[in-house]
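[1] sequence-free structure coming up:
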């Protein structure tokens, strides 16, 4: 058996979305060969707004396509486009919100250390979950 693993686009595993307007697919987690890394792709619909929240562990998010504004803990806007990355240390001091802008979905590659899951803590009321 090979010590490397290819994950084709059609082999990504869907994961329940944490808020409406998004689809999440897992690329790597402890069920793959990578035991200490989680990675995936989120596709977020234009116009989606994600309330202020923070992460329980550090995270890196990289914009593959589309545009977004991330509002930092001081509510200052940081505009992001293809090729831009944003780093989130854990904890309430880095609470942030998202808004997807423009006519296209925003496709985000995300990663965080494992094997634990990243827990979100909502500062504002959480957005509604998508209908099953």
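    Received it, and whenever you're ready, just let me know what you need. These numbers were taken from a predicted model, which means no experiment stands behind them. Residues are numbered from 1 along each chain as shown.

[2] all contacts plus neighbour counts: C-alpha atoms, from now on.
    Will do.

[3] point to the residue nearest the middle of this structure.
    residue 110 (5.1 Å; C-alpha atoms, centre = their mean).

[4] just to check, it is in contact with residue 41?
    Yes - if you go by C-alpha atoms under 8 Å, residue 110 and residue 41 touch, sitting 6.2 Å apart.

[5] please enumerate the strands of the chain.
    Here the chain has its strands, by DSSP state E, at 13-15, 22-28, 37-44, 49-55, 59-65, 67-71, 77-80, 85-88, 96-101, 106-113, 120-122.

[6] just checking, what packs against the last one?
    In this case it means strand 120-122. strand 49-55 (3 or more C-alpha pairs under 8 Å, 6 or more residues apart in numbering; DSSP states H and E).

[7] thinking again about what came up before, partners of the residue nearest to the residue nearest to the centre of the chain when sequence neighbours are not counted in the sheet?
    The shortest distance from residue 110 to any non-neighbouring residue, by C-alpha to C-alpha, 6 or more residues apart in numbering, is to residue 61 (4.3 Å). Beta-bridge partners recorded for residue 61 (DSSP bridges): residue 86, residue 110.

[8] relative to residue 120, how far out is residue 61?
    15 Å (C-alpha to C-alpha, to the nearest Å).

[9] for the two, indicate the residue with more neighbours.
    Neighbour totals were compared for residue 61 and residue 120, and residue 61 leads with 20 against 17 (other C-alpha atoms under 10 Å).

[10] and the more buried one, what pLDDT?
    pLDDT recorded at residue 61 is 97.

[11] can I get the strands of the chain in JSON lines with distance to residue 3?
    Shown next, in JSON lines, are the strands of the chain (distance: least, C-alpha to C-alpha, whole Å):
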{"stretch": "strand 13-15", "distance to residue 3": "21"}
{"stretch": "strand 22-28", "distance to residue 3": "14"}
{"stretch": "strand 37-44", "distance to residue 3": "16"}
{"stretch": "strand 49-55", "distance to residue 3": "31"}
{"stretch": "strand 59-65", "distance to residue 3": "25"}
{"stretch": "strand 67-71", "distance to residue 3": "36"}
{"stretch": "strand 77-80", "distance to residue 3": "35"}
{"stretch": "strand 85-88", "distance to residue 3": "29"}
{"stretch": "strand 96-101", "distance to residue 3": "37"}
{"stretch": "strand 106-113", "distance to residue 3": "20"}
{"stretch": "strand 120-122", "distance to residue 3": "33"}
